[in-house]
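*Asks:* Okay, predicted coordinates and the sequence, questions at the end:
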Amino acid sequence: MLVISRQQPPVRNDIAGSGEFLAQRGLRVHYGIDYQLAAGEAVLLARTCAFSKTGQAYSHAPEFRYIEFRDGAWFVRYFYVEPREALMVGDTMIEGEFIGKSQAVGQHYANGMQDHVHVEVFQPGDIGDTIPDEIKHTFDLKKNRTYVDPAAYFRSDLPG
């Protein structure tokens, strides 16, 4: 079971790379944290927020999903999670509530990647000047989003 709280679950670190926020991925950086979790495990919501949508993690592999929530100005996406049934857009969900089951993303890669749930936290626009210097963050110009360290979000260290 994945329960993200002030005591974080293990971060994926395998032959395919590190699951840390801003880890190098060739010419790009990793915008989330990869929490190690076996396929089929329950994923629980880390903070109370509103369900906003589900989507495909990859256009070429529609079986891999993400679930997005909104918490004020912040968006939180849980990737490689098969959403539970009956999620309704706008519904407030409570911390600790079951949101879905982790998917076998390791099977998608032939490079020895472990199964995990990838979590991203972002706000639209370049908001870097409002984030405390000690919190890791980055702006993606193409997506027009500022990504922040999910661990800071889960600790409630972010403004707004």
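*Replies:* Received, thanks. Nothing here was measured: the structure is a model prediction, and the numbers come from that model.

*Asks:* rest of the way, CA atoms for contacts and neighbours
*Replies:* Fine.

*Asks:* How far does stretch 86-106 sit from its chain's centre?
*Replies:* Offset of stretch 86-106 from its chain centre (C-alpha atoms, centre = their mean, to the nearest Å): 12 Å.

*Asks:* Residue 32 reaches residue 117, doesn't it?
*Replies:* No: between residue 32 and residue 117 there is no contact under C-alpha atoms under 8 Å: 9.8 Å.

*Asks:* which element follows the helix or strand bottoming out on mean pLDDT in the chain toward the C-terminus?
*Replies:* The least trusted helix or strand in the chain, going by mean pLDDT, DSSP states H and E, turns out to be strand 13-14, with a mean of 78. Using DSSP states H and E, the helix or strand that follows strand 13-14 in sequence is strand 17-18.

*Asks:* The next helix or strand after that following strand pairs with which strands, and in what direction?
*Replies:* Next in sequence after strand 17-18, counting helices and strands by DSSP H and E, comes strand 24-25. With DSSP bridges as the test, strand 24-25 is paired with strand 28-29 (antiparallel).

*Asks:* Let's test this: mean pLDDT of the strand it pairs with, rounded?
*Replies:* Averaged over strand 28-29, pLDDT sits at 88.

*Asks:* Beyond that strand, next helix or strand please.
*Replies:* strand 32-36.

*Asks:* which outside residues touch that next one?
*Replies:* For strand 32-36, the external contacting residues (C-alpha atoms under 8 Å, 6 or more residues apart in numbering) are 2, 9-12, 19-22, 114-121, 147-150.
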